[in-house]
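Chemist: The following block contains a protein sequence and its predicted model.
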Amino acid sequence: MNPLISSFLAINPPYWVDTLAKIGIGLVAVLLPTGALVYLFLFKMMSFMQSRLGPMETGPYGQLQLLAEFGKFLQKEDIFPSKADRFVFAAAPFVVLVSTFMLVLVLPGGPDTHFVDLNTGIYFAMAVSSVSVIGILMAGWGSNSKYSLLGGIRAAGQLIAYELPLVLSVVGVVIMAGTLNMKGIVAAQADFGVWFIIPQIIGFFIFMVAVQAELTQPPFDMPVAESELVTGYLTEYSGMRFLLFFIGEFATAAVFSAIGATLFLGGWTVPFVDINAEIMDYIGPLVLAAKMVFIAFLIFWFRITYPRFREDQLQRLAWKFLIPLSLFNIVVTAIFKVVF
Amino acid sequence: MTTDINAEFDITNNEQLRYIAAQAADARVNVELETEGMTLNIGPQHPATHGTLRIVARLDGEQVISAEPIMGYMHRGYEKLTEVRTYPQVTTLINRIDWVGSFANEVPFILAAEELMEVEAPPRAQYIRTALFEMGRIANIMLFLGDMAVQLGGVTAIFYAFRDREFVLNQIESATGGRFHPNFNRIGGVKDDLPAGWIKETKSSMQKVRDFCDEMEDLVVGNEIFQARCRGVGIIPADVAMAYGLSGANLRGSGVDWDLRRDADSPLAWKDLDWKVWTHPDGDSFSRYWVRLQETREATYMVEQLLDGLPAGPVMAKVPRIIKVPAGESYVQTENPLGAMGYYVVSKGELTPFRVKIRTASFSNMSISPWLLEGVLVPDIATILASLYFILGDIDR
Amino acid sequence: MPKLPGMLVGLGVTAKTFIKTVFPDGPLAPPAPSKGAHTVQYPHVKEAPPERARGVIALHHDNCTACMLCARECPDWCIYIEGHKELAPPRRAGGKPRQKNKLDRFDIDFALCMYCGICVEVCPFDALFWSPEFEFSEMKIADLLHDKGRLADWMETVPEYPAYEAGAEVKIKKLPSPSS
């Protein structure tokens, strides 16, 4: 029995209805924020920051542009390079997408609004997010293209390197909250008085940098560096499979923004409102979406402004700066936790 | 300055060691692991080469062992075509050599023909020529200032470059009629005088260019990532730069104070102006970017000075309606946006030139790339090629 | 004042452009990105090219004598002219009939044209003009061969010659009166 369904329908649905509803809501929960982010930031904010208007013809202010893009990609031929490893090449985008969808599972949208309430929620999220590396490596290897291979290997090196600071930056939050459960972390922030972004500002900084790198967005887009590797591991993809990668990239951006909002900005809570009030089940997801948009705004702002690091520089940044800094952050957090 | 024939092997220990290390690494990998390096074909269709340049790079992992540029995919045979075009027709062809700063292409050819005909354009025409020449330089280098950032992954700078370059191009268009191919020079002067109100609008567009330069300093030059990517990458020592025949900002970026606008005896109006040649001692990619940025700003002041001091008078000297250039040879080179560009015109007294040799800056600037790309990482290829700044039409003509 | 890190300054540049684009009338006025952006929505909004812009070549065929100068001077020989001689009535009563060159065909292949303007410049009878009109694209490249009727239509779009900047000694030319 899912409280989400039962609270909306006031019935106790059979298992299969429950599952279908969860899949549907999951699709919406992934695709809707993704589309919103791409439209708001990639189409519009990027255009405005560059003194132009972006798409304007499809619908009012180009709001239907995404549908047009979707239709365009669907129509395109699904090209396999002649000597590609067909199965690996074909499966790669799905591996990436699956990891994104599994991330959404643990996101709480309210006291009772969630897909699953894992005790090890944030641990699960961090673990599952690494799966996309495999998909990217598969894409790089399966394409049988030198650009793809270089891009895939760069991506693997980068994602693994930044996995560590990402996890370590979360550890600070976990120490403060004393739980791995996402809802527990939200509740701990309400108890603590301020959101964890204030005491964990270093952790938030590391989290943002690491997320930027995990998403392979500029300034960490070396794996898809279009000026030397064409588009890296995406070079040989076309049509629907390219679209899946594209959705995977921006859906991951949306989900990581939501995780960041949950960990550092108090999740679904609003100040001065009881976090377990029944109303939060309904407006909680909206609050979370608003906070997610704010974090995504930062991510895309960096993306638009900065040039990219070189491969060795970003490795150095991860291993020599971010990881020691996050370890220091953990130690300081632990000391404060014990002392106070 | 003297040049050493072995200059490429004793420049800095670092370069040499890197090269030897690359060679050794390749050999070791080949022998021990029974693997081989990878040959990466960058181009001819590739986003980094903005045109059809092909670079065959031999890689060991991410390190370039050797790289060789292959040019000529866009050869259009302009040297041969000029032999069957009359002198007025030639300018319309040579507009297309360096297509982003095309006004500057016409000037050396026209000067060479004027030298053979022993006519001199009136001072007003020389001032208009020089002003448009410098505006061509601004239009050209602004594109570089944005493009370099794009090659390094910062997408926004190029939009600012295109946005503010438009003001300069509009002014070129309203004076000459063409945005990219002005075809405004004639033997003995320029085609037409300036339209009313042009000077005022040009001055305001120059102000916008200076604002753009400030913006680039904030957005690109000051950015720590940009500096990390450019500083110390692609170092050209001064003597190597001289040995390879580099010119323009690539040479000045290596600390050589050499500018044909100041150093050559030209009938154009540069000698009447108060300006400065910018150099940077480092010789790396960053210094080339920095020198070009300062040059753009300097050029805006030069245009303003030229427009303030514009003398009254005619814009055409007396030349016959049908132009026959007397027999003889002349070579004129000017400091074009990309570097020194020269035309060697041989005339036999006919309606058409007998032979024209075109010396373009990009061709010489490109020739250093095998030396420069040895031992760098793959991402640095993009940095170095972007900082050398070539226009494919200027390489292949 | 300590120097801000360049990365923060860079963020400021993009944010400033964002604000300038979205709020061109100041932060309190309603957002108007269409006004703040430097681009125009082309088919709906059109920018006027300057008067001297070399858009398309217009023909005033009363003035043309089919002298072929333009066709000969064209660098890529994209002008095709045919003409014949015919007798026109005398200027004064009782005079001899005049011989006049009548223009049969005047085609310009705009697929070949390099827009250099040499034909307009060499024309000794002021029959060719530049018009800033630029919207004459065609679906097929062969359709870019425009005949004299089409070229004459563009005469209407030719602007008057603009005045010159102070200090110029060039005379301002006049457009011929529209053909009857």
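Modeler: Ah, there it is.

Chemist: so for whatever helix or strand A:F294 lives in, what's the average pLDDT?
Modeler: Element membership for A:F294, per DSSP states H and E: helix A:280-305. Helix A:280-305 shows a mean pLDDT of 85.

Chemist: Next: stretch B:86-98.
Modeler: 86.

Chemist: what's the answer for stretch C:52-69, then?
Modeler: 84.

Chemist: Residues of the stretch 101-250 of chain A that sit close to chain B?
Modeler: A:146-147, A:150, A:218-219, A:221-222, A:225-230 (C-beta under 8 Å from any C-beta of the partner chain). Every C-beta, even on glycine, is put in place using the N, C-alpha and C of the backbone.

Chemist: count of residues packed around B:N41?
Modeler: A count of nearby residues for B:N41, using other C-beta atoms under 10 Å in any protein chain shown, gives 13.

Chemist: A:T120 now?
Modeler: Counted with other C-beta under 10 Å, A:T120 comes out at 14.

Chemist: List the residues that contact it.
Modeler: Listed by C-beta atoms under 8 Å, 6 or more residues apart in numbering or on different chains, the contact partners of A:T120 are A:180-181.

Chemist: From B:A241, how far out is it?
Modeler: 61 Å (C-beta to C-beta, to the nearest Å).

Chemist: ditto for B:I322
Modeler: 45 Å.

Chemist: quick one, which of these two is more surrounded?
Modeler: B:A241 (25 against 9).

Chemist: Next one, pLDDT for that one please.
Modeler: At B:A241, the predicted lDDT confidence score is 87.

Chemist: Where does pLDDT dip in the stretch 151-300 of chain A?
Modeler: For the stretch 151-300 of chain A, no stretch has pLDDT under 70.

Chemist: mind redoing it with 90?
Modeler: A:151-205, A:208-300 (pLDDT under 90).

Chemist: Next, find the distance separating B:S362 from chain A.
Modeler: From B:S362 across to chain A, the span is 18 Å (C-beta to the nearest C-beta, to the nearest Å).

Chemist: Might one say that that residue is in contact with B:A340?
Modeler: No: using C-beta atoms under 8 Å, B:S362 is not in contact with B:A340, being 10.9 Å away.

Chemist: Compare these two (neighbour count), which wins?
Modeler: Between B:S362 and B:A340, counted using other C-beta under 10 Å, B:S362 has the larger neighbour count: 28 against 23.

Chemist: re earlier: so which of the residues of the stretch 101-250 of chain A next to chain B comes closest to A:S238?
Modeler: A:V230 (12.8 Å; C-beta to C-beta).

Chemist: ok, and the closest non-adjacent residue to the closest one?
Modeler: Leaving aside its chain neighbours, A:V230 sits nearest to A:Y147 (5.0 Å; criterion: C-beta to C-beta, 6 or more residues apart in numbering or on different chains).

Chemist: Would you mind listing what in chain C touches chain B?
Modeler: So chain C meets chain B at C:5-7, C:9-10, C:12-14, C:17, C:38, C:49-54, C:73, C:75, C:114-118, C:121, C:130, C:162-170 (C-beta under 8 Å from any C-beta).

Chemist: What about chain A: which of those touch it?
Modeler: C:7, C:10, C:13-14, C:17, C:38.

Chemist: what number of residues lie near the residue in the stretch 201-340 of chain A that chain C sits nearest to?
Modeler: Chain C sits closest to A:T305 of the stretch 201-340 of chain A, with a gap of 4.8 Å, by C-beta to the nearest C-beta. When neighbours are defined as other C-beta under 10 Å, A:T305 has 26 of them.

Chemist: so it makes contact with C:T17?
Modeler: No: in this structure, A:T305 is not within contact of C:T17 by C-beta under 8 Å, at 10.3 Å.

Chemist: which residues do the two both contact?
Modeler: A:M49.

Chemist: And B:K80, how close does it get to C:M114?
Modeler: Taking C-beta to C-beta, one finds B:K80 at 17 Å from C:M114.

Chemist: Great, nothing more from me.
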